[in-house]
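**Student:** Build the 3D model from these lines:
(chains A and B)
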Amino acid sequence: MELKTAVTIDEENSVARVALCGALNTDTAPGFEQNLQKVIAGGHQLTVLDMKDLDYISSAGLRVIFKAAKQTKAAGHRLAAANRKPHIDKVFEILKALPDMAVFANDQELDDYLDSMQKQVRGD
Amino acid sequence: MSKSITTRLIVLLTLCSALIMGTGMLVDYRLSREEILDRLHMESRDTIKSTIIDLENLLDGVEGSTLFLARILQQRDYTQPGLEQMLKDIVENNEDIYGATIALNPQRVDNPLGFAPYYHHKDGILTYADLASEQYNYRSQAWYTDTVTAGKPGWVEPYYDEGGGEVLMTTFAVPVYRVDEQGDRFLYAVVTADLTLEELQRYLQRLRLGQSGFATMLSRTGIILSGKNPANTMRHYSEAHSDELDSSTWREMFSSVLAGQAVTRQLECPEIFGRCMIRMDALQSTGWPVAVIYSEKEILSPLRKFQTKSTALGLITLLLMSLAVYFVTRRLTRPLAALAQASDDIARGELNTPLPAARGDDEVARLVRSFAAMKKDLKSYIADLEAATASRSRLEGELTAAREIQMSMLPRGGEAIERFEEYELWARVRPAKSVGGDLYSYYRSGRQLFIAVGDVSDKGVPAALFMAKAISLIQQLAGAEIEPAPAMVQLNNALEAGNDNCMFVTLFLGVLDLDNLQLRFASAGHTPPSLLRAGKVKVLKQDDGAALGLATDLEYPGNTLQLEPGDRLAIYTDGIDEAFNEQAEMFGFDRFNQCLAQTGQAPLAAAGSDIFAAIDHHAGTTAQSDDITLMLLQLKPDDHPGATKMDKISAHFSRGKNLISQVLDWIQQSLEDLGVPEDNHMVFTLVTEELVTNVDKYAELPVDGIIEITVEASAARVALEFRDKGIPFNPLQDAQRATLGADIESAEIGGLGVHLVTQLTDEQLYRHSDGHNVLRVTKLLQDV
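**Tutor:** Numbering: from 1, shown residues only, chains lettered A, B, ... in the order given. Down below sits the predicted model:
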């Protein structure tokens, strides 16, 4: 089981988008942690974890996300998750993970959120 | 009343008195009767003697006159008128003589008819008759011919003198002989004197022989000369009363008397009602029998009257005596009756009933006084008893409540039946007293069945209290799901603490894995259970430890037994094998195992009840001496409905790089191979990863340490088992666990895996056995 990550940066809106594909488990978590740390180090306002193609997540993976959430919060930034598959969603629920983390069920919700955030920034 | 002393005394005394009096009277009657009859006998002899003397005198007179006349005629000659005159004078002057004649020998008289003048007192007038008439012809009369023939004086048999005296008479006839010139003796005449039967009868009738007694006289031939009934005169005695006469006795008497022997006889008599007494003698001169006859009844009638009076008097005496006895005994027994009434009242609980007054110092008074003392004692005894009973019933009430509480500590209150898909469990506790020290418990946690059977030393309240402590601890441990052996160690230490009374408990603890039917158990000095398999009973071999509660830090070995479908396991306390009967024989293991085998086909609850019944039958009337507990565990046979076959796959993994990936690849493949529905794969993969990671991190395995993983799956569930030789580590308890739901600032990073495992599976069980950490998790599949 492998994990592939694709990072897209929207500098204009200061949004980093990390797409996960495959399994985030004990073996793949360390690699993912390195990648995510790099993204967070970028200091973007919002980091979105796109889990559309994530099939599996274990506690090792969640640990990485927890850590990232803690760091972004400390920096005054935000970490959000989008497109969680039902069984991924269930793991999150069980662990009552990241209650204040923004969660987007799909791309539309994410776009709406980004729009509203831009308006806030512009002071509309 | 008919059974009262009074009645019995009256009846008894009256009967005895009546018997004594009756016997006395009977003897008296007999003696008196003998006496009277003896006297009568004497009297009859006197009477007959005097009668005979009288008659003899009469006859002698007649004889004398006749003989005198005959002598005169012998010596002197008289003319015929002279003879007549002399005859007339004799008859006229002799009243006893009815008539007399001088009948000359006709051969010596000119007249061929002879000469026989006859004077007699016909109707009191001296009358003459000529007996030499043609009509009378004295020469042919018996008195003449017989006398001539006899040639000597004698009485002629009585006859009716037809043409002569014309009455019934008897005649004394004397032949007169003379000697002629030639010196020849010749009959000159026959001189007679007549005596009427009437005269004789008058003599006899003068006798006073009572109302019905009479005298009778017979001739030598048996002709009745005088009797009671005049109609019988001149008849032979045997003709008169020929029907009723006891003729043989009469004949015998008659001949005795004729031979000169007087006789006395008692016999049934005609002419007299009932028996009579006869005295018979005979006249010397004539030989005529004379008899006096007395009626016995008449003679004895005064005696009878006397007896009747005596009897009446006796009856009156008895009556009076009965009355006297009645009054006396009533007086004596009245206090007894009152006492009986009082004791009835006392028996009903009326202890204040007054007793009758006791006067004097007789037996009754002493009884009354004893009774009074008894009543007093009884009162105080009952008061004591009431107090004792009250406290006893209070105690019993408390014990009943205690029993209910104790039974409520046992699953299903002391008698349990549980039916599940794969097994049935039945258990029953029966304390010897209200409360007891036996216990059982069971607890199902997922696929693990925990069972316990124990027996506290002693019985009754102390045992019950210790049992309460023991079962609380056992049930706590059952919840904690510790393996039997270490649980036993903990229990022992917990029970030992503060156990100054040195109470102890023997205990069987077992955990049955329902998936693989493996029974893991430990025993603290408990009776080894019996296993019924395929109709045969086997006593389990067990490594056991000491009873719990006596010393700390003891070791308890674990045992493992592989059960099979259809097995029946019996776990019990020593109250069963040590149940005694009247002959002090124990029920014993053999009998128990035999019972277990015999009831093998019966449904579980019935089998359990049957075993209890067998124990009771053995004990008979002997009271149950110890608490009895029996737990039966029946595994369903393979073919029971709902049975599921578990398939399993195992693999060993060595630590190192890519451990998790290898494991996860294998597990996914295995799940596929076992046909586990795909939507469940993620859960098992996740759980496997979390647990393997835990072992990898914390078990302190060597670098190339091995982790063994087994997957078991059926249509209903999937079980995962992880074994390693690392340090004892129970991730369910010992692993770090994050507090869930915290704010991200305070949230811990890590410690999430165990949460996932417990949430995603239905059962998690850790044990440490054979130097291995064994962790087993099971999840029921949703579609079953």
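**Student:** so how many other residues sit close to residue B:271?
**Tutor:** Residue B:271: 17 surrounding residues under other Cβ atoms under 10 Å in any protein chain shown. All C-beta atoms are positioned from the backbone trio N, CA, C, and that covers glycine.
**Student:** show me what contacts residue B:429?
**Tutor:** B:407, B:410, B:414, B:415, B:436, B:438, B:439, B:440, B:627, B:628, B:629 (Cβ atoms under 8 Å, 6 or more residues apart in numbering or on different chains).
**Student:** of these, closest to residue B:581?
**Tutor:** Ranked by distance to residue B:581 (Cβ to Cβ), the contacts of residue B:429 are led by residue B:628 at 14.4 Å.
**Student:** Now, the contacts of residue B:429 that are in helices?
**Tutor:** Taking DSSP state H as the definition of helices, these contribute residue B:407.
**Student:** so which one among the contacts of residue B:429 has the lowest pLDDT?
**Tutor:** On pLDDT alone, residue B:436 ranks lowest of the contacts of residue B:429, at 82.
**Student:** That residue and residue B:467 touch, don't they?
**Tutor:** Yes: between residue B:436 and residue B:467 there is a contact at 7.3 Å, judged by Cβ atoms under 8 Å.
**Student:** and the most centrally placed residue in chain A, backbone torsions?
**Tutor:** Per Cα atoms, centre = their mean, the C-alpha nearest to the average position across chain A is that of residue A:49, at 2.4 Å. Backbone torsions for residue A:49, taken as degrees, to the nearest 10, come to phi -100, psi 110.
**Student:** hmm, back to that, which residues do residue B:436 and residue B:467 both contact?
**Tutor:** Residues touching both residue B:436 and residue B:467 by Cβ under 8 Å, 6+ apart: residue B:406.
**Student:** So which residues on chain A come close to chain B?
**Tutor:** A:1, A:23, A:25-27, A:55-56, A:58-60, A:62-63, A:66-67, A:69-70, A:73-74, A:87, A:91, A:94-101 (Cβ under 8 Å from any Cβ of the partner chain).
**Student:** Going through the residues you listed, which ones are buried?
**Tutor:** The neighbour count (16 or more other Cβ atoms under 10 Å in any protein chain shown) marks A:1, A:23, A:25-27, A:55-56, A:58-60, A:62-63, A:66-67, A:69-70, A:73, A:91, A:95, A:97-98, A:101 as buried among the residues of chain A next to chain B.
**Student:** Which of these fall in strands?
**Tutor:** A:23, A:55, A:56 (DSSP state E).
**Student:** Contact partners for residue 86?
**Tutor:** I'll assume chain A. Residues counted as contacts of residue A:86 (Cβ under 8 Å, 6+ apart): none.
**Student:** Can you look at chain B instead?
**Tutor:** B:69, B:72, B:78, B:102.
**Student:** ok, of those residues, which one's closest to chain A?
**Tutor:** Chain A lies nearest to residue B:69 out of those, by Cβ to the nearest Cβ, at 188.4 Å.
**Student:** so that closest one, which of the three states?
**Tutor:** helix (DSSP: H, G, I helix; E, B strand; the rest coil).
**Student:** Would you check that it makes contact with residue B:90?
**Tutor:** Yes: between residue B:69 and residue B:90 a contact is recorded at 6.2 Å, counting by Cβ under 8 Å.
**Student:** So for those two, which residue has more residues nearby?
**Tutor:** Counted by other Cβ under 10 Å, residue B:69 and residue B:90 do not tie: residue B:69 has more neighbours, with 22 against 19.
**Student:** Okay, the more buried one and residue B:151: tell me how far apart.
**Tutor:** Using Cβ to Cβ, to the nearest Å, one gets 18 Å for the distance from residue B:69 to residue B:151.
**Student:** Point me to the helix or strand that includes the closest residue to residue B:730 other than its chain neighbours.
**Tutor:** Once flanking residues are discounted, residue B:730 sits nearest to residue B:766: 4.2 Å by Cβ to Cβ, 6 or more residues apart in numbering or on different chains. For residue B:766, the element it lies in under DSSP states H and E is strand B:763-769.
**Student:** Which residues are in contact with residue B:166?
**Tutor:** B:122, B:160.
**Student:** ok but it is inside a strand, no?
**Tutor:** No: checked against three-state DSSP, residue B:166 lies outside a strand; its state is coil.
**Student:** For chain B, give me the ranges with low pLDDT.
**Tutor:** Flagging of chain B using pLDDT under 70 yields the residue ranges B:1-3, B:242-244, B:478-481, B:639-646, B:741-750, B:782-784.
**Student:** Can you give the domain ranges for it?
**Tutor:** Domain segmentation of chain B under automatic domain parsing yields B:42-303, B:357-408, B:410-635, B:647-780.
**Student:** export these to TSV and tack on distance to residue B:36?
**Tutor:** TSV is the format used below for the domains of chain B (distance: least, Cβ to Cβ, whole Å):
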stretch	distance to residue B:36
domain B:42-303	6
domain B:357-408	51
domain B:410-635	80
domain B:647-780	128
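**Student:** Quick one: closest of the ones you listed to residue A:18.
**Tutor:** domain B:647-780 (18.0 Å).
**Student:** Quick one: end-to-end distance for that closest one.
**Tutor:** End-to-end span of domain B:647-780 (Cα to Cα, to the nearest Å): 15 Å.
**Student:** Quick one: distance of it to the chain centre.
**Tutor:** 85 Å (Cα atoms, centre = their mean, to the nearest Å).
**Student:** Just the C-alpha atoms of stretch B:652-672, please, in PDB.
**Tutor:** Taking C-alpha atoms only, stretch B:652-672 is exported to PDB below (Å, rounded to 0.1, in the frame of the first residue of the first chain):
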ATOM      1  CA  HIS B 652       4.300 -15.500  11.500                       C
ATOM      2  CA  PHE B 653       5.900 -12.100  10.900                       C
ATOM      3  CA  SER B 654       9.400 -11.000  11.800                       C
ATOM      4  CA  ARG B 655      10.000  -7.500  13.000                       C
ATOM      5  CA  GLY B 656      11.900  -5.200  10.600                       C
ATOM      6  CA  LYS B 657      11.300  -2.800   7.800                       C
ATOM      7  CA  ASN B 658       8.000  -3.100   6.000                       C
ATOM      8  CA  LEU B 659       6.500  -5.100   8.900                       C
ATOM      9  CA  ILE B 660       3.200  -3.300   8.700                       C
ATOM     10  CA  SER B 661       3.000  -3.400   4.900                       C
ATOM     11  CA  GLN B 662       3.600  -7.200   4.900                       C
ATOM     12  CA  VAL B 663       1.000  -7.700   7.600                       C
ATOM     13  CA  LEU B 664      -1.500  -5.500   5.900                       C
ATOM     14  CA  ASP B 665      -1.000  -7.200   2.600                       C
ATOM     15  CA  TRP B 666      -1.400 -10.600   4.200                       C
ATOM     16  CA  ILE B 667      -4.400  -9.700   6.200                       C
ATOM     17  CA  GLN B 668      -6.200  -8.300   3.200                       C
ATOM     18  CA  GLN B 669      -5.400 -11.400   1.200                       C
ATOM     19  CA  SER B 670      -6.500 -13.600   4.100                       C
ATOM     20  CA  LEU B 671      -9.800 -11.800   4.500                       C
ATOM     21  CA  GLU B 672     -10.400 -12.300   0.900                       C
END
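**Student:** That stretch: which residues count as buried?
**Tutor:** B:653, B:655, B:659-664, B:666-668, B:670-671.
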